[in-house]
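1. I would like the atomic coordinates for the input below:
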Amino acid sequence: MENALITSKLDEVSFLRLAEQRGFQLIDTSFIETLNWEALTPDDLKQMQERSVWQDHEKLFALRNDFTDQLVRYYQQYDRQHESVAYSGPIVRHQKIQTQLGLECYQPTIQAMQRAFTTFYDYIREALRDDIDYVIIGHYELVHLLLGDQQTDAVMTALAQRNISVLATLLGIEHPLVQLLQTPTQEQLQQLNTRFDASHHIVATLNHWDSFFRSLGIKAIHLDLTPQPPRSYYKGIFMNAVLTERNTTLNGGYYKGNLEGFGLGLTL
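-> So this is what the prediction gives:
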């Protein structure tokens with residue numbers, strides 16, 4: 001049996017080679033980030049508990065904990081040279097080191113986003129000899145469609161806790177959100193289409209990705225109604241593809257703040 005370290009390094013190389021073949025520009029960024037106290041955003045401050053951070057005189061340093069987040073900060077200071085990039089390297093979260101592989105598409109078309117997913121899917125099957133067991137999809141703006149001006153603190157807390165009984169009390173048993181939460185997750189998108197116009201951009205986006213996954217042979221697709229975005233710049237579609245054999249998940253989504261993009265990441 002081949003040494004586990006060699007296997008892990010070869011997995012990284014296989015990913016980078018495939019990404020380059022598919023037209024992604026390979027990039028390498030510093031494992032140590034220099035942070036500016038005065039420029040730290042609320043997102044940055046919320047991450048501090050999971051980050052490895054230290055101060056040297058007047059400078060603040062941190063070990064990288066997320067490539068997408070690092071690149072968002074980087075491109076606020078420097079001009080972007082490429083439309084799509086690929087990377088691999090270590091990240092540290094809660095003092096645990098992992099290897100992250102990732103793809104980013106900037107100002108992406110739907111075709112570019114799906115090309116990124118297909119690239120990862122081919123890598124999972126061909127290099128890792130694994131497959132995708134099921135996919136969870138959602139849209140970070142879906143809650144606004146479902147709740148409108150009913151997004152009170154009490155409702156949002158109950159939603160985060162998936163407390164259907166409290167939501168039924170606050171919103172009424174016939175409320176679309178309550179009805180959806182009482183529906184099996186694999187059937188929720190179909191139910192959503194019966195309650196809202198399929199041409200609405202949120203519903204249409206979810207339907208488009210559902211059809212795309214099914215075209216790849218991925219049939220187990222679940223809708224997630226309850227997530228809160230991990231960063232404020234995540235605005236639209238997101239997906240979590242759970243692998244069949246490995247205890248890991250391909251995560252990604254669309255973001256738009258100072259930088260517009262779509263990213264996918266897999267930790268080995």
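2. buried set for the helix or strand bottoming out on mean pLDDT in the chain?
-> Taking mean pLDDT, DSSP states H and E as the measure, the chain has helix 42-47 as its least confident helix or strand, at a mean of 76. Residues of helix 42-47 classed as buried under the neighbour-count rule (16 or more other CB atoms under 10 Å) are D43, D44, Q47. Every residue, glycine included, has its C-beta placed from N, CA and C.
3. same check on stretch 90-107?
-> I91, V92, R93, T99, Q100, L101, G102, L103, E104, C105, Y106.
4. report the beta-bridge partners for the nearest residue to G23 once chain neighbours are set aside.
-> The shortest distance from G23 to any non-neighbouring residue, by CB to CB, 6 or more residues apart in numbering, is to S84 (6.6 Å). For S84, the beta-bridge partners under DSSP bridges are C105.
5. S84 contacts T119, doesn't it?
-> No: applying CB atoms under 8 Å as the test, S84 and T119 come out as separate, 9.7 Å apart.
6. which residues are in contact with both of the two?
-> F24, L103 (CB atoms under 8 Å, 6 or more residues apart in numbering).
7. got the contact list for A62?
-> I32, E33, L35, R51, S52, V53, W54.
8. in PyMOL, select just the buried ones from those.
-> Of these, the buried ones can be selected in PyMOL as follows, counting by 16+ other CB under 10 Å:
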select buried, resi 33+35+51+52
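9. nearest to H222, of the contacts of A62?
-> Comparing those against H222 with CB to CB places R51 closest, at 30.5 Å.
10. tell me how far stretch 237-251 lies from the chain's centre.
-> Taking CA atoms, centre = their mean, to the nearest Å, one finds the center of stretch 237-251 at 10 Å from the center of the full chain.
11. for that stretch, output the C-alpha coordinates as CSV.
-> Output of stretch 237-251 as CSV, limited to C-alpha atoms (Å, rounded to 0.1, in the frame of the first residue of the first chain):
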residue,chain,number,x,y,z
ILE,A,237,-27.2,29.7,-4.7
PHE,A,238,-25.1,27.4,-2.5
MET,A,239,-24.5,23.7,-2.6
ASN,A,240,-23.1,21.0,-0.4
ALA,A,241,-22.2,17.7,-2.2
VAL,A,242,-21.6,14.9,0.3
LEU,A,243,-19.2,12.2,-0.9
THR,A,244,-20.1,8.5,-0.8
GLU,A,245,-16.9,7.1,0.7
ARG,A,246,-14.8,9.9,2.1
ASN,A,247,-16.0,11.8,5.1
THR,A,248,-15.9,15.2,3.4
THR,A,249,-18.2,17.5,1.4
LEU,A,250,-17.7,19.7,-1.7
ASN,A,251,-19.0,23.1,-0.6
